[in-house]
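Peer 1: Here you go, sequence then predicted model.
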Amino acid sequence: MSETYRLMFKERNIGSISYDGHKFYYRRSPEDVSDLSLVEHSPPGLFQYHIDFDESGRATVTLESESPDHQRIYRWLSRRVAPKERQDITRILESSGIGTEYDMWSLNKYTHSMRLEDYYWISNDMSEKYEEIHIKHLIDTGQFEKIKEFQDKGILPR
């Protein structure tokens, strides 16, 4: 059975990541994202960029591919969660309800694949809002009670 999660940049749906139990797939959102920069609607690491310089030194940035393959999606998702080698990973897995067996995809779903370094996140729940859930936004706006709630649930480390 395939699972599909929306890939979000802040409150904008920029694509979807699907997993069929063996392989990851990516599909761009049909929404118009022309108001977003290339980097905003094509996450670094998930997409590979090519930079060319003209004679005056001005750079032109283009994508190597319009759709990342399974390997690139897997690597990008793997970097967005705690590694299985982490010292307290069993506690994190158990507190999240995942169990004791490391499952990178389940961990991404549980943490919404959020990072402090960027504004990307995944969700399969249309009612979830960036302003209520993304850790970077919560920190930027001083919503420390919500952060503590996420720590208590095991979504964020203490």
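Peer 2: Cool, the structure landed.
Peer 1: other SSEs contacting the helix or strand of the chain with the lowest mean pLDDT?
Peer 2: Ranked by mean pLDDT, DSSP states H and E, the weakest helix or strand in the chain is helix 89-96, scoring a mean of 79. Counting contacts by 3 or more CB pairs under 8 Å, 6 or more residues apart in numbering; DSSP states H and E, helix 89-96 packs against helix 104-111. For the C-beta atoms, the positions are set from N, CA and C on the backbone; glycine is no exception.
Peer 1: Show me what the very next helix or strand once past the helix it packs on is packed against.
Peer 2: Following helix 104-111 in sequence order, the next helix or strand is strand 120-123 (DSSP states H and E). In this structure, strand 120-123 makes packing contacts with strand 3-9, helix 130-133, judged by 3+ CB pairs under 8 Å, 6+ apart.
Peer 1: Tell me what residue 24 is bridged to.
Peer 2: Beta-bridge partners for residue 24, by DSSP bridges, are residue 19.
Peer 1: what pLDDT does it get?
Peer 2: Looking at residue 24, its pLDDT reads 98.
Peer 1: Pretty sure it sits against residue 74.
Peer 2: Yes. If you go by CB atoms under 8 Å, residue 24 and residue 74 touch, sitting 5.7 Å apart.
Peer 1: what secondary structure does the residue lying farthest from the centre of the chain sit in?
Peer 2: In terms of distance from the mean C-alpha position of the chain, residue 55 ranks first, at 36.7 Å (CA atoms, centre = their mean). At residue 55, secondary structure determined by DSSP: H, G, I helix; E, B strand; the rest coil is coil.
Peer 1: Equivalent analysis for residue 15, please.
Peer 2: Once three-state DSSP is applied, residue 15 turns out strand.
Peer 1: what residue ranges in the chain score low on pLDDT?
Peer 2: Residue ranges of the chain with pLDDT under 70: 154-158.
Peer 1: List the neighbouring strands of the helix or strand in which residue 62 is found plus their orientation.
Peer 2: Assessed by DSSP H and E, residue 62 sits inside strand 59-63. When sheet partners are counted by DSSP bridges, strand 59-63 sits next to strand 49-53 (antiparallel).
Peer 1: Let me know how buried residue 6 is, in neighbour terms.
Peer 2: Neighbours of residue 6 under the rule other CB atoms under 10 Å: 18.
Peer 1: coming back round to it: the strand holding residue 62: what's the following helix or strand?
Peer 2: helix 70-78.
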